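J.: Model the following, please.
(2 chains)
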Amino acid sequence: MTELFLSFRLAFFVTAILLVLATPLAYWLAFSKFRAKFLVEAVVALPLVLPPTVLGFYLLVAMGPRGPLGKLWLALFGHTLAFTFTGLVIASVLYSLPFCVQPLVASFERIDPKLLAASRVLGANSWRTFRTIVFPLSIPGVITALVLTFAHTIGEFGVVLMVGGNLLGATRTVSISIYDHVQSIEYAAANQLALILLAISFVLLALVYGLNRSVGVRWLSN
Amino acid sequence: MLRQRDNRLSAPWFFLACLFLLCALCVSARAVPSEQPQLNIAAASDLKFALTALASAFEKQSGAKLNLTFGSSGNFFAQIKNGAPFDLFFSADTEFPRRLDTAGLVVSNSTYEYAVGRLVLWVPPGSKIDLSKSGMNSLLDPSVQKIAIANPDHAPYGRAAAVALRSAGLYEKTKDKLVIGENISQAAQFAQSGNAQIGIIAMSLALSPPLRSGKYWEIPQRQYFPLIQSAVILKRCEQKDLAASFLRFVATPAGTKILEDFGFLKAQVSVDDRAPLKPY
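T.: Predicted coordinates for the structure are as follows:
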């Protein structure tokens, strides 16, 4: 059960951090006229196509005692990032980034530009426009983003395996634990956790599809 | 129109609130650190069952909590070099602990050769292969399509399996049939699940509850290098006394008995060399 709690804790932190980081990024991606925007879009989408081992490998090196991130952390907190819960949070934020950004961009882009123009004409600055027009109209997209990020982080395996080190209570997430149980021929224990994960994933996806039938998940099906 | 939208959204908000509460619960559940002394132990996966038994006996006796992580010794070596927070490392060889010692990551004189491992051929129950009759040539049986071994690059039992195959002159004939487990426990799982018809695995696993119903045959030890296994206390360990007392516990007759029950042999060292007998 420790593993399950740990996964939930990880998913919670990652979702909260990504909501804060991904919203401005998605806003910029949706409304910027910047020419080379497609490059940024490609970088954001990278974790969708990259093998987790590639990301895991670079993160492990970066977080190690000789990597830039590891060095910084060592200087600040006296230990490196690899094999810690914080390290997992950072890795998962990167790995789940597109799952948060893309639904947000999709729903920001669907907002009628006339509404934004009207808001500006009426003298609202961009923060006020965001607060009163963009965000309320995008709530289905926000929920999709949050739920997908949460579910994806719970189910993450490859990156966690590479940067986590499989420590009980710190980095042994539920998916790693299932892998462990299968390897140790503890099928009953593996099955128990796997069924819980299956149920969680189904419920989360059913909620996304059910609640946001009209707008939120269109990007998933195209 | 806006009002309608608000109504429609109350369900997802309720759901999100539930999710948030659940998470908050998980977060707060972990907020109180346990007072119980703990040791994080990295152990070669041939020890999966033996060390689990040793640890629970030690936990009862000492009141400490031992967190065991199993994997291939080579992976642990790499992780420990990269700063993984383990207190003790039970390797399936002596080479990885020695290299950690050279790298200055090991408490001096804490190396303890706790056992010698044995390599066996293992077939699942119901297999038609007669291991005791054919010996190593069982691997050439026509029913064998896949042979499970551990990764020779970073698992000592995998390396020993490759050496045994070569010394029996079977490597060229079998190399296309080898499936590589990440560690010896995964190799055993490949064979146990029937996905490989035969496995070259650790005797300690062949004697474990999930594999006991199969048949095994010990590969003569002269066909590979001695699988002497050693454990070390790592410098970053904050409870060196506790770690040392666990190693001493492994060396007691009761501890040795558990290891022998799982097919391990005693390492050929005199009792005096069996560090670390004195507390730090």
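J.: How far away from the center of its chain is whichever helix in chain A runs longest?
T.: Looking across chain A with DSSP state H, the single longest helix is helix A:2-31. Chain-centre distance of helix A:2-31: 5 Å, with C-alpha atoms, centre = their mean, to the nearest Å.
J.: Next: stretch B:139-159.
T.: 17 Å.
J.: Just the C-alpha atoms of it, please, in PDB.
T.: Output of stretch B:139-159 as PDB, limited to C-alpha atoms (Å, rounded to 0.1, in the frame of the first residue of the first chain):
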ATOM      1  CA  LEU B 139      19.800 -27.300 -23.300                       C
ATOM      2  CA  LEU B 140      19.900 -29.000 -26.700                       C
ATOM      3  CA  ASP B 141      16.700 -30.800 -26.200                       C
ATOM      4  CA  PRO B 142      14.400 -30.300 -29.200                       C
ATOM      5  CA  SER B 143      11.600 -29.000 -27.000                       C
ATOM      6  CA  VAL B 144      13.800 -26.100 -25.900                       C
ATOM      7  CA  GLN B 145      13.100 -23.000 -27.900                       C
ATOM      8  CA  LYS B 146      14.100 -20.400 -25.400                       C
ATOM      9  CA  ILE B 147      16.700 -20.500 -22.600                       C
ATOM     10  CA  ALA B 148      16.400 -17.900 -19.800                       C
ATOM     11  CA  ILE B 149      19.600 -16.500 -18.400                       C
ATOM     12  CA  ALA B 150      20.400 -13.300 -16.500                       C
ATOM     13  CA  ASN B 151      22.100 -10.400 -18.300                       C
ATOM     14  CA  PRO B 152      25.800 -11.400 -18.500                       C
ATOM     15  CA  ASP B 153      26.800  -7.700 -18.700                       C
ATOM     16  CA  HIS B 154      25.600  -6.700 -15.200                       C
ATOM     17  CA  ALA B 155      24.300  -9.800 -13.400                       C
ATOM     18  CA  PRO B 156      27.000 -12.100 -11.900                       C
ATOM     19  CA  TYR B 157      24.700 -15.200 -12.300                       C
ATOM     20  CA  GLY B 158      24.300 -14.200 -16.000                       C
ATOM     21  CA  ARG B 159      28.100 -14.000 -16.400                       C
END
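J.: Pull out the buried residues from it.
T.: B:139, B:141, B:144, B:146-152, B:154-159 (16 or more other C-beta atoms under 10 Å in any protein chain shown). All C-beta atoms are positioned from the backbone trio N, CA, C, and that covers glycine.
J.: at contact distance from chain A, anything in that stretch?
T.: No - if you take C-beta under 8 Å from any C-beta of the partner chain as the test, stretch B:139-159 misses chain A, and the best it gets is 11.1 Å.
J.: quick one: which of the buried residues of stretch B:139-159 sit in helices?
T.: Per DSSP H, the buried residues of stretch B:139-159 map to helices at B:156, B:157, B:158, B:159.
J.: can you put these in a markdown table and add pLDDT?
T.: Output for these, formatted as a markdown table (pLDDT from 0 to 100):
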| residue | pLDDT |
| --- | --- |
| B:156 | 93 |
| B:157 | 94 |
| B:158 | 94 |
| B:159 | 94 |
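J.: buried residues in the stretch of helix or strand residue B:216 belongs to?
T.: With elements taken from DSSP states H and E, the one containing residue B:216 is strand B:215-218. Within strand B:215-218, the residues that count as buried by 16+ other C-beta under 10 Å are B:215, B:216, B:217.
J.: mind checking how far stretch A:54-72 is from the chain centre?
T.: That offset, for stretch A:54-72, works out to 20 Å (C-alpha atoms, centre = their mean).
J.: picking up where we left off before, for the buried residues of strand B:215-218, which one is nearest residue B:58?
T.: Nearest to residue B:58 out of the buried residues of strand B:215-218 is residue B:216 (C-beta to C-beta; 28.1 Å).
J.: pretty sure that closest one contacts residue B:120?
T.: Yes - the criterion here is C-beta atoms under 8 Å, and residue B:216 meets it with residue B:120 at 4.2 Å.
J.: okay, and the common contacts of these two?
T.: When contacts are counted by C-beta atoms under 8 Å, 6 or more residues apart in numbering or on different chains, residue B:216 and residue B:120 have B:203, B:206 as shared neighbours.
J.: sorry, back to before: same question for the helix or strand following the strand holding residue B:216, mean pLDDT?
T.: The element immediately downstream of strand B:215-218 (helix or strand, assigned by DSSP H and E) is strand B:227-233. Mean pLDDT, strand B:227-233: 96.
J.: Okay, angle between whichever helix or strand comes after strand B:227-233 and strand B:227-233 too, please.
T.: Downstream of strand B:227-233, the next assigned helix or strand under DSSP H and E is helix B:240-251. For helix B:240-251 against strand B:227-233, the angle by axes from the mean of the first three to the mean of the last three C-alpha atoms, to 10 degrees is 150 degrees.
J.: Where does the closest residue to residue A:200 other than its chain neighbours fall, secondary structure wise?
T.: What sits nearest to residue A:200 in space, not counting adjacent residues and going by C-beta to C-beta, 6 or more residues apart in numbering or on different chains, is residue A:154, at 6.6 Å. Per DSSP H and E: residue A:154 is located in helix A:139-155.
J.: ok and that helix relative to helix A:2-31, angle-wise?
T.: Going by the same axes, to 10 degrees, helix A:139-155 makes 140 degrees with helix A:2-31.
J.: packing partners for helix A:139-155?
T.: helix A:2-31, helix A:85-109, helix A:174-183, helix A:187-211, helix B:2-29 (3 or more C-beta pairs under 8 Å, 6 or more residues apart in numbering or on different chains; DSSP states H and E).
J.: residue boundaries of the strands in the stretch 1-150 of chain B?
T.: Counting by DSSP state E, counting those that start in this stretch, the stretch 1-150 of chain B has strands at residues B:38-44, B:65-71, B:88-90, B:112-117, B:119-123, B:147-150.
J.: Just give the closest residue to residue B:106, not the sequence neighbours.
T.: That would be residue B:232: by C-beta to C-beta, 6+ apart, it lies 4.6 Å from residue B:106.
J.: Write out the residues of the stretch 51-200 of chain B neighbouring chain A.
T.: So the stretch 51-200 of chain B meets chain A at B:67-71, B:79, B:82-85, B:181-183, B:185-186, B:188-189, B:192 (C-beta under 8 Å from any C-beta).
J.: Just the buried residues of stretch A:110-119, please?
T.: A:111, A:116, A:119.
J.: of these, closest to chain B?
T.: Nearest to chain B among the buried residues of stretch A:110-119: residue A:111, at 13.3 Å, using C-beta to the nearest C-beta.
J.: Quick check: closest non-adjacent residue to residue A:68.
T.: residue A:62 (6.1 Å).
J.: Report the central residue of the chain.
T.: Picking chain A for this. Per C-alpha atoms, centre = their mean, the C-alpha nearest to the average position across chain A is that of residue A:96, at 2.8 Å.
J.: Wait, chain B was what I had in mind.
T.: Averaging the C-alpha coordinates of chain B gives a centre point, and the residue nearest to it by C-alpha atoms, centre = their mean is residue B:45 (1.4 Å).
J.: Was I right to think it contacts residue B:71?
T.: Yes - the pair residue B:45 / residue B:71 is scored as a contact, 6.0 Å apart, by C-beta under 8 Å.
J.: what is in contact with the two at once?
T.: residue B:183.
J.: tell me the contacts of the closest residue to residue A:11 other than its chain neighbours?
T.: Distance criterion C-beta to C-beta, 6+ apart; nearest residue to residue A:11, sequence neighbours excluded, is residue A:153 at 4.1 Å. Residue A:153 makes contact with A:7, A:10, A:11, A:14, A:15, A:92, A:95, A:96 under the criterion C-beta under 8 Å, 6+ apart.
J.: Give me the local confidence score for residue A:153.
T.: pLDDT, residue A:153: 93.
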